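Chemist: Just to be clear, the model below is a prediction. Sequence and coordinates:
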Amino acid sequence: MQAHYASKLRSHLSSDPEKVDSVILVDSTWIIHRSYHTHSSVYTDVNGVKVFAGDIFGYTKTIMDIVGSRPASAVILCCDAATNFRKQKYPHYKAQREKKADVMDKCMEALETVSLLPSVFVAAWSGYEADDLIYTHAKIFSEQGMLVTVFSRDNDLAQTLQFPGVTVQHSFAKGADVYDKSYAIDRYGVGPDKLLMFRALTGDSSDNLKGYLRFPRKFAKEIAESCSSFEDIMEKAETGIWKKRGRWINAIKAEPKSLKQNLDIMRLRFVKEAPIMRVTPTEKHMHYYKLQRFKSFYESYPAGE
């Protein structure tokens, strides 16, 4: 890989505004998992052996669609590290999800498959998830005055909507919804900057993070709008302002570890060291080009510098 650090890429983007007008941050792991199921019938022949290629095919087609629909955008593919600090600290994190030992290999093969596209970059860093890298670069490019699109269905990434110029999309199909900061307000009743506390109280079953059973959304909203930490909640509770909510305050006091843990896991990190890179094509990915829908596309795009 040839490293292109964030500062270098930002400089490139700002020096040629006519060529690139926005940045798209892609949740690569999510696309791989989605493609595994939605393209389950796609196989290719490798030296006479039938090999499943649905996940790679779906991933590549998605990136091709993004590049085709947004030619003036730089596309940054954000990837999970093989291990991350959340899983190390809390082994039960995402424990209910189907385990695929080769998911990281699949991600790398997918990245190699789209590496010929000159506008495609990669972001990955040891110990962190794609969510952290997306959050990091959304903040960086927003501060640079760029328009940023986050492509993911992960609810945690609604936190990025607090940054000016950032939107979230679940699809790049014609007419697909584009979500701004009002999405968090409409869905959760709080702004994206207050979403962390709200979700820490109510939980997230998709990540195997339990909140407080049947915790009232209205009260979670009230707490989120006035408190940013467990200590803030306890301090405010002592004033007696939530006397009528004693049942729920007592639940938090009885199980403080649950809230503290959820806040720690759900808080997206800013990764200052995270580079943006270009992936050099290798022979490993060439057999995927045998799928005609890959071949015709790549023949029209020269390799990036």
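Modeler: Alright, I've got the coordinates.
Chemist: Please look at D156 and R267 and confirm they touch.
Modeler: No - between D156 and R267 there is no contact under C-beta atoms under 8 Å: 9.1 Å. In this view, the C-beta of every residue, glycine as well, is placed from N, C-alpha and C.
Chemist: which residues in the protein form strands?
Modeler: Along the chain, counting by DSSP state E, strands occupy 2-4, 22-27, 43-46, 49-52, 73-78, 120-123, 147-151, 166-169, 178-179, 203-204, 209-210, 276-278.
Chemist: weakest of these in terms of mean pLDDT?
Modeler: For those, mean pLDDT drops lowest on strand 2-4, to a mean of 38.
Chemist: re earlier: quick one, which of D156 and R267 is more surrounded?
Modeler: The neighbour comparison of D156 against R267 (other C-beta atoms under 10 Å) goes to D156, with 22 against 15.
Chemist: separation between the more buried one and L196?
Modeler: 9 Å (C-beta to C-beta, to the nearest Å).
Chemist: Could you name every residue contacting both of these two?
Modeler: M266 (C-beta atoms under 8 Å, 6 or more residues apart in numbering).
Chemist: circling back: now render the strands of the chain as CSV, adding mean neighbour count and distance to R217.
Modeler: Output for the strands of the chain, formatted as CSV (neighbours: other C-beta atoms under 10 Å; distance: least, C-beta to C-beta, whole Å):
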stretch, mean neighbour count, distance to R217
strand 2-4, 11, 43
strand 22-27, 24, 26
strand 43-46, 14, 46
strand 49-52, 11, 42
strand 73-78, 24, 30
strand 120-123, 24, 34
strand 147-151, 23, 24
strand 166-169, 22, 21
strand 178-179, 14, 20
strand 203-204, 18, 12
strand 209-210, 18, 16
strand 276-278, 20, 38
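Chemist: K221: which of those is closest?
Modeler: strand 203-204 (14.8 Å; C-beta to C-beta).
Chemist: counting contacts, what elements does the closest one pack onto?
Modeler: helix 256-266 (3 or more C-beta pairs under 8 Å, 6 or more residues apart in numbering; DSSP states H and E).
Chemist: who's in contact with the helix it packs on?
Modeler: 86, 89-90, 93, 156, 196-197, 199-201, 203-204, 207, 209-212, 229-230, 233, 252.
Chemist: mean confidence for that helix?
Modeler: Rounded mean pLDDT across helix 256-266 is 90.
Chemist: Check which residues of that helix are buried.
Modeler: Across helix 256-266, burial judged by 16 or more other C-beta atoms under 10 Å covers S258, L259, Q261, N262, L263, I265, M266.
Chemist: And these, which two are furthest apart?
Modeler: Most distant of the buried residues of helix 256-266, by C-beta to C-beta, are S258 and M266, 12.0 Å apart.
Chemist: quick one on the thing from earlier: for ChimeraX, what selects the buried ones among the contacts of helix 256-266?
Modeler: With 16+ other C-beta under 10 Å as the criterion, this ChimeraX line picks the buried residues out of the contacts of helix 256-266:
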select :86,90,93,156,196,197,199,200,201,203,204,207,209,211,212,230,233,252
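Chemist: In helices, which of the contacts of helix 256-266 fall?
Modeler: Among the contacts of helix 256-266, the ones falling in helices (DSSP state H) are R86, K89, L196, M197, R199, A200, L201, F230, I233, I252.
Chemist: Quick check: the nearest residue to the last one once chain neighbours are set aside vs E231, distance?
Modeler: This means I252. Excluding the flanking residues, the one nearest I252 by C-beta to C-beta, 6 or more residues apart in numbering is L259, at 5.9 Å. Distance, L259 to E231, using C-beta to C-beta: 11 Å.
Chemist: Among the buried residues of helix 256-266, which one sits closest to T167?
Modeler: M266 (21.0 Å).
Chemist: Count the neighbours of S126 for me.
Modeler: What S126 shows, counting by other C-beta under 10 Å, is a neighbour count of 12.
Chemist: Next, count neighbours for P71.
Modeler: 11.
Chemist: distance of it from S119?
Modeler: For P71 relative to S119 (C-beta to C-beta), the value is 8 Å.
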